[in-house]
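Q: This is the structure alone, sequence omitted:
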């Protein structure tokens, strides 16, 4: 019985690490089981030659200055006892929502966006202001919020469809598991975290955060096992008793907090409950290392939300990928550029998992090349002065995401069945991470913290 | 423990929790919440730390006693004996 843990946490991503830190901090015997040999999950990193890359992270949302009270970023840092300065955050310069014939710029100062709306949609500014007040007063993180769709609410305020589409665009692509809409609580989380707070980047990227979390977890005495894939969650009479690993090892525990995702967790839990839905959306991304920095070809924005149609078609495409809309991130264009001499551009498109999955190796590679070529064309449309040469390129597809994260069908924002209080039909089995319903890196960590507090510490 | 030592124990806990706040200038008479960035989740941390470090239990109905440093010391000193 020496192996028995108070809580086993599945997954060493942002949410799993945060949950495990909280539990170990208060003397619980905790073990994180990670399938991969790296931390991070959906927000991980890798190296090719001397070049270091982040997976997932374009920017961290929820930027607030040091000492700002009661906001998600400062709350989570306090709960994890990590000083604000340790993240070495660098703010965005500016971002752009670019639609046909219209654009809206925003920065970490909300008044910039308000001014943009007032100038470009003068008839809508009063509606916009009323909507913002409504959002500011909404408690989006109440664990008993019902699910209802955000566009129904937004249309009661914003009556210009282009403005509505433009406001939704960044919020959908940075977090919605639903097509063309999202749950209103999640919309409010995203609206606050992106428009009212803002974008930033830790010096050194996602590694900096993961290293801080790992260091903290070690300090509070937690255990972490890599290459440990959970193949079965063991329970009897509706109560958790342990987990089984791929190599047959059985670990006993009183509780399991799983960050694998809702459908992924249920798949390893033998249960009679119907399977939660796998979200329809996946993505592909091209990363281009350039011989010039964006500012050297006259481009200063940090992130561009680009769309070629009047409406923003946020849905699974019928083709391998849809290059009529994109998010392009230029990491050099944060206030402090910690890249060396090279420039970097990252372009993300919506993609169709099933179509990528069925490709044979050779055709798959050809299509990855085609995807990269299209991404360069997109960059040229976004930054007309682009004249850099590509020094290195890398591409990931929905099958890459599935392979490295274990998320079914390469979903990034998880299932459309969110479980806000984390409870499942098994006593002692809880969900944290993207399928608990908080979003982004900050949301993921807050999710882990909330679930650990609620189910592991406050009994 | 003397009241002064209890004050130090509480102050040490708050310093560890409110990592970005200056705890050296706490006014003992006014509510901690007004001076430091502490919410209900953080007060729960103070309670859990008291239990972990000093085996002192604070039942939920007594959380209000932790409002200011003065009330903390007054309430906790007998419990530290």
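A: Structure's in. What do you need? These numbers were taken from a predicted model, which means no experiment stands behind them. Numbers count the residues shown, from 1 in each chain, chains lettered A, B, ... in the order given.
Q: in which helix or strand would I find residue A:253?
A: Per DSSP states H and E: residue A:253 is located in strand A:250-258.
Q: An error on my part: the question was meant for residue A:191.
A: Here residue A:191, judged by DSSP H and E, is contained in helix A:184-191.
Q: got it, and residue A:285?
A: Under the criterion of DSSP H and E, residue A:285 resides in strand A:282-290.
Q: ditto for residue A:165
A: helix A:161-173.
Q: how about the residues of chain B that lie near chain A?
A: B:16-21, B:37, B:39, B:41-42, B:44-45, B:48, B:52 (CB under 8 Å from any CB of the partner chain). The way it works is simple: take the backbone N, C-alpha and C, and place the C-beta from them, glycine included.
Q: Quick one: work out the angle between the helix or strand just after the strand holding residue A:285 and helix A:161-173.
A: Later in the chain than strand A:282-290, the nearest helix or strand by DSSP H and E is strand A:303-307. For strand A:303-307 against helix A:161-173, the angle by axes from the mean of the first three to the mean of the last three CA atoms, to 10 degrees is 120 degrees.
Q: Tell me the strands beside strand A:303-307, with direction?
A: Here strand A:303-307 has these sheet partners by DSSP bridges: strand A:95-99 (parallel), strand A:321-329 (antiparallel).
Q: elements contacting the helix holding residue A:191?
A: Contact analysis of helix A:184-191 by 3 or more CB pairs under 8 Å, 6 or more residues apart in numbering or on different chains; DSSP states H and E lists helix A:150-154, helix A:161-173 as its packing neighbours.
Q: From the chain's centre, how far out is the last one? Work that out for me.
A: Helix A:161-173 has its C-alpha centroid displaced from the chain centroid by 18 Å (CA atoms, centre = their mean, to the nearest Å).
Q: again with stretch A:30-47
A: Offset of stretch A:30-47 from its chain centre (CA atoms, centre = their mean): 15 Å.
Q: Residue 75: what's it in contact with?
A: Just so you know, I chose chain A. A:446, B:39, B:41 (CB atoms under 8 Å, 6 or more residues apart in numbering or on different chains).
Q: think we crossed wires, I meant chain B
A: B:62, B:65-66.
Q: could I get those residues as a markdown table with neighbour count and secondary structure?
A: Supplementary listing: the contacts of residue B:75 in a markdown table, determined by neighbours: other CB atoms under 10 Å in any protein chain shown; DSSP: H, G, I helix; E, B strand; the rest coil:
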| residue | neighbour count | secondary structure |
| --- | --- | --- |
| B:62 | 13 | helix |
| B:65 | 14 | helix |
| B:66 | 21 | helix |
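Q: quick one: which of these is nearest to residue A:409?
A: Among these, residue B:66 lies closest to residue A:409 (CB to CB), at 48.5 Å.
Q: count of neighbours near the closest residue to the closest one other than its chain neighbours?
A: Counting by CB to CB, 6 or more residues apart in numbering or on different chains, the nearest residue to residue B:66 once its immediate chain neighbours are dropped is residue B:72, at 5.2 Å. Neighbouring residues of residue B:72 were enumerated by other CB atoms under 10 Å in any protein chain shown; the total is 24.
Q: Where does the most centrally placed residue in chain B sit, in terms of helix or strand?
A: Chain B has residue B:10 as the residue nearest its centroid, 4.3 Å off, counting by CA atoms, centre = their mean. Using DSSP H and E, residue B:10 sits within helix B:3-17.
Q: by contact count, what packs against that helix?
A: For helix B:3-17, the packing partners by 3+ CB pairs under 8 Å, 6+ apart are helix B:40-54, helix B:69-80.
Q: Reformat those helices into a markdown table and put mean pLDDT next to each item.
A: Output for these, formatted as a markdown table (pLDDT from 0 to 100):
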| stretch | mean pLDDT |
| --- | --- |
| helix B:40-54 | 93 |
| helix B:69-80 | 95 |
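Q: Would you mind giving the ones you listed as a markdown table with distance to residue A:281 added?
A: A markdown table is the format used below for the helices and strands packed on helix B:3-17 (distance: least, CB to CB, whole Å):
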| stretch | distance to residue A:281 |
| --- | --- |
| helix B:40-54 | 32 |
| helix B:69-80 | 50 |
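Q: So which of those is nearest residue A:175?
A: Of all the helices and strands packed on helix B:3-17, helix B:40-54 comes closest under CB to CB, at 23.5 Å.
Q: can you pull the buried residues of stretch A:57-72?
A: Neighbour counts over stretch A:57-72 (16 or more other CB atoms under 10 Å in any protein chain shown) mark A:57-64, A:71-72 as buried.
Q: Just the ones in helices from the residues you listed, please.
A: Among the buried residues of stretch A:57-72, the residues falling in helices (DSSP state H) are residue A:72.
Q: Around residue A:238, how many other residues sit close by?
A: 11.
Q: and the residue nearest to residue A:67 when sequence neighbours are not counted, what pLDDT?
A: Nearest in space to residue A:67, with sequence neighbours left out and distances taken as CB to CB, 6+ apart, is residue B:20 at 5.9 Å. The score at residue B:20 is 87. That number is its pLDDT.
Q: Pretty sure residue B:20 sits against residue B:37.
A: Yes. In this structure residue B:20 lies within contact range of residue B:37 using CB atoms under 8 Å: 7.2 Å.
Q: So if I had to pick from these two, which one is more boxed in?
A: Set residue B:20 next to residue B:37 and count neighbours by other CB under 10 Å: residue B:37 wins out with 19 against 16.
Q: Tell me the secondary structure at the more buried one.
A: At residue B:37, secondary structure determined by DSSP: H, G, I helix; E, B strand; the rest coil is coil.
Q: Neighbours of residue A:319, how many?
A: Applying other CB under 10 Å, we find 10 residues neighbouring residue A:319.
Q: Verify the stated contact: it with residue A:355.
A: Yes. The criterion here is CB under 8 Å, and residue A:319 meets it with residue A:355 at 7.1 Å.
Q: re the thing from before, report all helices and strands that the strand holding residue A:285 contacts.
A: strand A:343-351, helix A:361-382, strand A:390-396, helix A:398-405.
Q: ok and it relative to strand A:390-396, angle-wise?
A: Using the same axes, to 10 degrees: strand A:282-290 against strand A:390-396 is 170 degrees.
Q: What strand or helix carries the residue nearest to residue A:67?
A: Taking DSSP H and E as the definition, one finds residue B:20 inside no helix or strand.
Q: show me the contacts for it.
A: By CB under 8 Å, 6+ apart, the neighbours of residue B:20 are A:66-67, A:74, A:77-78, A:83-84, B:37.
Q: Out of those residues, flag the one nearest to residue A:215.
A: Nearest to residue A:215 among the contacts of residue B:20, with distances taken as CB to CB, is residue A:83, at 12.3 Å.
Q: With adjacent residues omitted, what lies nearest to the closest one?
A: Counting by CB to CB, 6+ apart, residue B:19 is the residue found nearest to residue A:83 once chain neighbours are left out, at 4.7 Å.
Q: Now residue B:19, what are its backbone angles?
A: Per-residue torsions, residue B:19: phi -60, psi -30 (degrees, to the nearest 10).
Q: Among the helices and strands packed on helix A:184-191, which comes closest to chain B?
A: helix A:161-173 (26.1 Å; CB to the nearest CB).
Q: Could you tell me how far residue A:292 is located from chain B?
A: 38 Å (CB to the nearest CB, to the nearest Å).
Q: That residue reaches residue A:390, doesn't it?
A: No. Residue A:292 lies out of contact with residue A:390 (CB under 8 Å); the separation is 10.6 Å.
Q: between these two, who's got more neighbours?
A: When residue A:292 and residue A:390 are compared for neighbours, residue A:292 comes out ahead with 17 against 13, by other CB under 10 Å.
Q: burial of the residue lying closest to the more buried one once chain neighbours are set aside, as a residue count?
A: Leaving aside its sequence neighbours, residue A:292 sits nearest to residue A:388 (CB to CB, 6+ apart; 4.0 Å). Neighbour count for residue A:388, taken as other CB under 10 Å: 21.
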